[in-house]
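Asks: no sequence for this one, just the structure:
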């Protein structure tokens, strides 16, 4: 995020919107531009244009339509996240019309930080951008249910991440299981009877030790390594508000 934020001294979150429908792009842009601390730095009509613009305008958050011409949103997300490194990597929030997209699983594995349905309200859109910009993961409850259903019916593939679960302490393993069950930091703290700051520290260490980008990837990791199994103890549940949340 840029340091030269809006009046009042806050940081500015730079947003890039990629959607092949002009009305959707312009509507989202109008909503976000009206919010303090949010700046729309570009609009793209297809995935290839999104990749080019992301390299040029260096957004903090990319709102990426799943289905677009020339290059779909999934491939565009892969390229954008692959082209940037470290703090320069933007967060990608996938946009979709339907909650049953087959892209859900692959997009999260590609590094997307969440999904948002296009019929979300203006308030939900703004909330989603702020949550993702803060480094958290966000999934609509219906998308979370779809994700877990995918895990339940797919044969478990070779883990896409290094199998380093053994590097975690017993407490960190407990926290990871609770993350995979969709609990927030507040709920994890209540479950384990620890301070919320302690939970945040555990979450940070888990992501660092496993080389994971955010909580969404932590959920994928937990299921693909067999740490949590669909329908078993610790299986994910959807939060009433966001599915996965800070």
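Replies: Structure's in. What do you need? All values reported here derive from a predicted model rather than from experimental measurement.
Asks: most centrally placed residue in this structure?
Replies: By C-alpha atoms, centre = their mean, the chain has its centre lying nearest to residue 113, at 1.4 Å.
Asks: quick one: contacts for that residue?
Replies: For residue 113, the contacting residues are 91, 92, 93, 132, 136, 137, 138, 213, 214, 216, by C-beta atoms under 8 Å, 6 or more residues apart in numbering. Every C-beta, even on glycine, is put in place using the N, C-alpha and C of the backbone.
Asks: So, low pLDDT: which residues of the protein?
Replies: In the predicted model of the chain, residues 1-10, 84-88, 98-104, 137-165, 229-246 satisfy pLDDT under 70.
Asks: report the longest helix in it, please.
Replies: helix 196-210 (DSSP state H).
Asks: in it, what counts as buried?
Replies: Within helix 196-210, the residues scored as buried using 16 or more other C-beta atoms under 10 Å are 199, 202, 203, 205, 206, 207, 209, 210.
Asks: Next, the closest residue to the fourth one other than its chain neighbours: phi, psi?
Replies: So that's residue 205. Using C-beta to C-beta, 6 or more residues apart in numbering and skipping residues adjacent in sequence, the residue nearest residue 205 is residue 172, 6.1 Å away. Per-residue torsions, residue 172: phi -60, psi -40 (degrees, to the nearest 10).
Asks: okay, now residue 172: neighbour count?
Replies: 18 (other C-beta atoms under 10 Å).
Asks: can you pull the contacts of it?
Replies: 202, 205, 206, 209.
Asks: about what we covered before: show only the entries of the contacts of residue 113 found in helices.
Replies: Using DSSP H, the contacts of residue 113 in helices are 132, 216.
Asks: Let me know the closest of the contacts of residue 113 to residue 31.
Replies: Each of these was scored against residue 31 by C-beta to C-beta, and residue 93 proved nearest at 13.6 Å.
Asks: Touching, the closest one and residue 63? I think so.
Replies: Yes. With contact defined as C-beta atoms under 8 Å, residue 93 reaches residue 63; the gap is 5.2 Å.
Asks: Hmm, residue 48 and residue 76 touching each other?
Replies: Yes. Here residue 76 reaches residue 48: they are 7.2 Å apart, a contact under C-beta under 8 Å.
Asks: If you count surrounding residues, which of the two has more?
Replies: Taking neighbours as other C-beta under 10 Å, residue 76 and residue 48 compare with residue 76 leading, 28 against 17.
Asks: what about that one, distance to residue 193?
Replies: 44 Å (C-beta to C-beta, to the nearest Å).
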